[in-house]
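*Asks:* I'd like to go over a predicted model; first the sequence, then the structure.
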Amino acid sequence: MITVNHYIALSAVLFVIGVVGVLTRRNIIIVMMSIEIMLNAANLLLVTFARQSGDMTGHVFVFMVMAVAAAEAARGACDHPRVVQEPRDGGY
Amino acid sequence: MWGLEHIWWVPILPLIGATINGLVGHLLSKRAVGVVAVGSTGLSFLVALAAFGNILGLAPDQRVYESVLFTWIQAGSFTAEAALQVDPLSAVFLMVVTGVGFLIHVYSVGYMGHEAGYPRYFAYLNLFMFSMLLLILGANFLLMFIGWEGVGLCSYLLIGYYYEKQSASDAGKKAFVMNRIGDFGFLLAIMWIFWTFGSIDYTTVFPVAHDKLALGGLAVTGITLLLFLGATGKSAQIPLYTWLPDAMEGPTPVSALIHAATMVTAGVYMVARCNALFNLAPMTMMIVALIGATTAIFAATMGLYQFDIKRVLAYSTVSQLGYMFLACGVGAYVAAVFHVMTHAFFKACLFLGSGSVIHGMSGEQDMRQMGGLGKKMPMTHATFLISTLAIAGIPPLAGFFSKDEILLSAFLGHTPGHLLYWVLATIAAAVTAFYMFRLYFMTFTGELRAEDHHVRDHVHESPNVMTMPLVILAGLAVVGGFLGLPMIEGGHALKNFLDPVFAQPGHAAGGHDVSVGLELLLMGVSVGMGVLGILTARYYYSVKPEAAVELLNKGGMIKSIYTLMQNKYYVDEIYDALIVKPIVAVSDKGLWRFFDVKVVDGLVNFAATFFMGLGSMFRTAHTGLTRSYAYAMVFGGVFLAGFWLFLSSGK
Amino acid sequence: MTLALVETAAKIAFVFGLNIGVFAPLLGWVERKQSAVMQDRIGADRADVFGFTIIGLFHTMSDTIKLIFKEDFIPRGADRIMHTAAPALALIPALVAFTVIPFGGHYTLWGHNVNLVVADLDVGALFVFAISSLAAYGVVLAGWSSNNNWSFLGGLRAAAQMFSYEVAMGLTIIGLVMFYQSLSLVTIVEKQNEFWHWGIIWHWPAFILYFTCAIAENKRIPFDVPEAESELVAGYFTEYSGMKFIMFWMAEFVEVVTISALCVVLFFGGHHLPFVTDAELISGLGGALYPNFANLAAMGIGILTFIVKVIILIFIQMTIRWTLPRFRYDQVMALGWKLVLPASLIWIFIVGVGILSGIMPRP
Amino acid sequence: MEILMFNLLGGLSVALALGAIISKRPVNSAINLIGTMFCLAGLFAMQDAHLIAALQVLVYAGAIMALFLFVIMLLNVREKVGAESRRQPYWQLLAVVSAGALFVPLVTLGGGKILKFKEAASGFGTTAAVGRLLYTDYILPFEIASVLLLAALVGAVILTKTKIR
């Protein structure tokens, strides 16, 4: 029987992996990808609790997170070329 | 009934003309542009004529027709219908506006024939017709206001028609700003009316005005004063009259149509329309009469020593408008409307005549260059003379009847100080006769004084398309007054027609109880004053021109008065010193150099300095290494989560 | 349970068989032969078995055999894993997208309810777009991992082009979704039971836009800049040979079929015959007397109708492919962003107005 | 069946996420991350969040990661071995330790209780249901999100435009 705790644990593991990625990697693209992992861990938790409580507000939140992530990705993708071009500023 | 039911065609037709000429006019031939402009106005005139006939066919107490086109604005309790209303008052104005407008369109075809921007001119002119008709026909204050603004806009556009000319564009701006000051009052009055009555429809507001408002109360006085402020702007009364003489920078037909016959009478129309309110505010009535009488004499004296033919007419317009307001102020609305009508005829004729003269003189407007034109321009001369006699108040021409009725009303009026107004107006009548005949003698008699021989050789009578309107208008100036002919013993045709509009409860709008003898005496006085003015003018400008120069050379009082009058009493300069300069000074020294530079910039700079100082304190924590921030965040997260865990485990 | 498993397995087998076994090889032949007919040539006709050529059909077989036995070549400096995985990444999404496309209706056979779709998803249309957006990865990775500048450029072009048109493609069917009030393709097909409810009737502008986007998404002529042989040799699959190469081609053909199938489902009433509803068809086949037989026959007719419609649309695509010249790269992007995208937004607005004002009655 | 799927998808997602942060090449990272997203989409679908699952694939795997991959490839950010090889073991150790410290409160989020799923109501997680929520109670955040995306769009255009000059 699968419980909420399973999902919490999985989400925690993913979140921590994301944190480690942010802290250890120097490539800014990979750092951003690690942030996406963390966001996804949070999304998983939101979906899980939505399912547990039967309230779809969690889904709405995930929807919003996705919108924000998309905006962030678009912005980051534009910023990245500039960071790479000017390595002094991009000394992550 | 064909006519009244199609009343909405009356404003729409000129709008269609304006749209065609404004959008695709430059692609059309001049002839096509003229056909569109004149045709649309002419059709509009025909519809208006039919509507007028319908109105006449109705019983006198049923002569109000309202046609609701659609609901225009609906917000909360506020409703504004796009509705047109025809009653005797608007019908009279309708006839004047469409009729004179049509004639001036015809005249313009000839006069503007050589101008660049021909379609633009007619688009504006048609747009003006639309706005003016909307102003007259609108069934509520908002619609009137739209027309009111529209005519102001068109006036601005047409004054600045020769926009390459600095003086023309300045004059346009001046007219616009002056009008805006008045419009501001009008707008406030509309808001106040809505606040008081909960509606802006004429049919809702006026019948209940007497019950809702106390006689002479604050509300009604405020509303009417604000309304009158609007009227002074639009109708060029003291203190907002200075734009009208400058407005003569526009083409002459425009001066005739907008700045003599129609738009400037909008203020009179508005006051007459709101007579139910004005009757309740004796103080406002007094002010209206006072301003009217003062303007009449003031503008007349300013017209005395002008040399620009159109400026003389402009001051005469201001003066005549003063008469109309005087009539309104003493409660003689019928006389005011009557004078609007007759004035439209003879003043349009005069302006168009002066346009014809200017046309013949190759654009010369200075009367000192003219003289003896009577022989070379017989048609213009004849029509001009008729109109001049009309404005001087010589029987049996139109001006005599209407002006005399105003003077009679002033003499018999209920307003305090009405005898003073009568004296002022009577003197103004003499002055009017004097300067108008000065104009006439300087222009049409004597010898041609123009120096440029090209101009001398070129003097010619204008084409038929220009003289025909002159003839028609002069004819109207002759017969127009007969509408008020049976004035002795209880009203006349126009009065009977208009009375339903002005017969309000609680106010005696009926005929004056006056003996025939007194009336004849007053007539005699006014005619005598007119004749006196004419004879004086004839002495100084035709019989013995050198006498005037001698008089001036004597110096002293006469010389200084002359200078004062020629400089228009320095009103423009006074306005400049009292209003424009202080505003500029306050903006420059106060708002800019002190408030903006010191206060606003100071605050901004202070904020910047403050946070810069604050930032320099925290700068050490800002390594610029993103990873260190990430570490800080994670440690913070760990700490918070651990703390929360500690708290929840304690439970 | 077992029966359901069998049924699903059968449907999957049918879909895959249809695509991989029938359409993909046949399309290679059709492309050759149709171009030959259009260009007044004879076309491939040399492969023969005992002297029989069967209008060149044996070429399909010989091509397959040739490519299978060709050397599998990986260029030096290439990323071996990615290079190997890329063709599969291109082919799989094209096949998976087919799982939500209904190729028939509901039928009752011996008391068992059969719904002719592999997976009836609530978000079917979204699923198709989600999966087809993954197809770009195969192409992009193929270009990137080949360690070849032509391939790389082709991959980049493909990526930009596919992502651009994906956006527009998603927007083109929003109007349709608003009209049918469902994202489920099964529901959409059900609502097209009557001919006058077919998508093409009201939504023909959306069809034109969608079809354009779909061809661009599939990178076929006139949108084949990622593999423009005159500029980039062969674009992203320059460095591929053998089975990997054939997988790209299969992916392309399967996508042609998928596009046609989706168009049929969205715009042309799916398996429905025009002017004949499902119920009428079954009763017309004697549903009252032999329900099982009638249902079975109706199922056959439905599948056949669906396939015929798909073939017609494939034929149109092929005709376009051999008719139009290739766009320049900037033209492709300009068309996508400046014409198709705004047009589809406007169409959404028009459909919204139409629905709200009652001009477009929803089925 | 369910636990099997969970183990499969969960394990795969963890492995791929690890691969994403460990692999040296950004492209490999991105591919791994796409896999993670896919597995998570499966997990969403297991919890009846069908729309969210589809969006996860469409938005995350389809759009966001595609954007990342595109940028990586456009710049051809091959292995920056030089930059990445200056490893700082202490920092990395610290990172892992602090992340581990974060893990403890995260897993005990449930407070030691076993939370069980209830039977989902019919229509849970469908497009219509989520859409109704989005367009009624959450219309304001929804619109704000659209404005945010517009701002990102404009910002992206401006940022890239200055590069061209």
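*Replies:* That came in fine, so what should we check first?

*Asks:* gap between stretch B:58-75 and the chain center?
*Replies:* Stretch B:58-75 sits 26 Å away from the centroid of its parent chain (CA atoms, centre = their mean, to the nearest Å).

*Asks:* so for it, mean pLDDT?
*Replies:* Mean pLDDT, computed over stretch B:58-75, is 81.

*Asks:* next one: stretch B:183-198
*Replies:* Mean pLDDT, stretch B:183-198: 90.

*Asks:* how about the stretch 51-200 of chain B: which residue is closest to chain C?
*Replies:* In the stretch 51-200 of chain B, the residue found nearest to chain C is B:Phe70; the distance is 19.7 Å by CB to the nearest CB. C-beta: built from backbone N, CA, C; applies to glycine.

*Asks:* burial measure for that residue, as a count.
*Replies:* 7 (other CB atoms under 10 Å in any protein chain shown).

*Asks:* phi, psi of it?
*Replies:* phi -160, psi 160 (degrees, to the nearest 10).

*Asks:* ok, it to chain D distance?
*Replies:* 33 Å (CB to the nearest CB, to the nearest Å).

*Asks:* tell me who's in contact with that residue.
*Replies:* B:Glu81, B:Ala82 (CB atoms under 8 Å, 6 or more residues apart in numbering or on different chains).

*Asks:* scan chain A for its longest helix.
*Replies:* As assigned by DSSP state H, the longest helix anywhere in chain A is helix A:57-85.

*Asks:* quick check: which helices or strands does the helix or strand hosting B:Leu227 pack against?
*Replies:* Applying DSSP states H and E as the criterion places B:Leu227 in helix B:218-235. On a contact count with 3 or more CB pairs under 8 Å, 6 or more residues apart in numbering or on different chains; DSSP states H and E, helix B:218-235 meets helix B:141-159, helix B:166-197, helix B:266-273, helix B:275-278, helix B:282-302, helix B:309-329.

*Asks:* picking up where we left off before, centre of the chain versus the longest helix of chain A, how much separation?
*Replies:* 10 Å.

*Asks:* just the buried residues of it, please?
*Replies:* Using 16 or more other CB atoms under 10 Å in any protein chain shown as the test for burial, helix A:57-85 gives A:58-67, A:69-80, A:83-84.

*Asks:* with stretch A:28-45 instead?
*Replies:* A:28-45.

*Asks:* how about the longest helix of chain A, does it reach chain B?
*Replies:* No: with CB under 8 Å from any CB of the partner chain as the criterion, chain B is not reached by helix A:57-85; the gap is at least 10.5 Å.

*Asks:* right, is the longest helix along chain D up against chain C?
*Replies:* Longest helix of chain D, by residue count under DSSP H: helix D:139-164. No: Helix D:139-164 stays clear of chain C (CB under 8 Å from any CB), getting no nearer than 11.1 Å.

*Asks:* that helix vs helix A:57-85, what angle?
*Replies:* 10 degrees (axes from the mean of the first three to the mean of the last three CA atoms, to 10 degrees).

*Asks:* what is helix D:139-164 packed up against?
*Replies:* With 3+ CB pairs under 8 Å, 6+ apart as the test, helix D:139-164 has helix A:57-85 packed against it.

*Asks:* and with 10 Å instead?
*Replies:* With contacts taken as 3 or more CB pairs under 10 Å, 6 or more residues apart in numbering or on different chains; DSSP states H and E, helix D:139-164 sits against helix A:57-85, helix D:127-135.

*Asks:* and the helix holding B:Leu227 with helix B:282-302, angle?
*Replies:* Going by the same axes, to 10 degrees, helix B:218-235 makes 20 degrees with helix B:282-302.

*Asks:* got the CA coordinates for helix B:218-235 in CSV?
*Replies:* Taking C-alpha atoms only, helix B:218-235 is exported to CSV below (Å, rounded to 0.1, in the frame of the first residue of the first chain):
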residue,chain,number,x,y,z
LEU,B,218,-27.2,79.2,-4.0
ALA,B,219,-27.6,76.2,-6.4
VAL,B,220,-29.5,78.0,-9.1
THR,B,221,-27.2,81.1,-8.9
GLY,B,222,-24.1,78.9,-9.0
ILE,B,223,-25.4,76.8,-11.9
THR,B,224,-26.5,79.8,-13.9
LEU,B,225,-23.3,81.7,-13.2
LEU,B,226,-21.2,78.8,-14.4
LEU,B,227,-23.4,78.4,-17.5
PHE,B,228,-23.0,82.1,-18.2
LEU,B,229,-19.2,81.7,-17.8
GLY,B,230,-19.5,79.2,-20.6
ALA,B,231,-21.5,81.6,-22.6
THR,B,232,-19.0,84.4,-22.1
GLY,B,233,-16.3,82.2,-23.5
LYS,B,234,-18.2,81.0,-26.5
SER,B,235,-20.0,84.3,-27.2
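
*Asks:* what's opposite the residue of the stretch 51-200 of chain B closest to chain C in the beta bridge?
*Replies:* In this entry, B:Phe70 is beta-bridged to B:Ala82, by DSSP bridges.

*Asks:* quick one on the thing from earlier: would TSV of the helices and strands packed on helix B:218-235 with distance to chain D be doable?
*Replies:* Converted to TSV, the helices and strands packed on helix B:218-235 look like this (distance: least, CB to the nearest CB, whole Å):
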stretch	distance to chain D
helix B:141-159	34
helix B:166-197	34
helix B:266-273	47
helix B:275-278	48
helix B:282-302	52
helix B:309-329	55
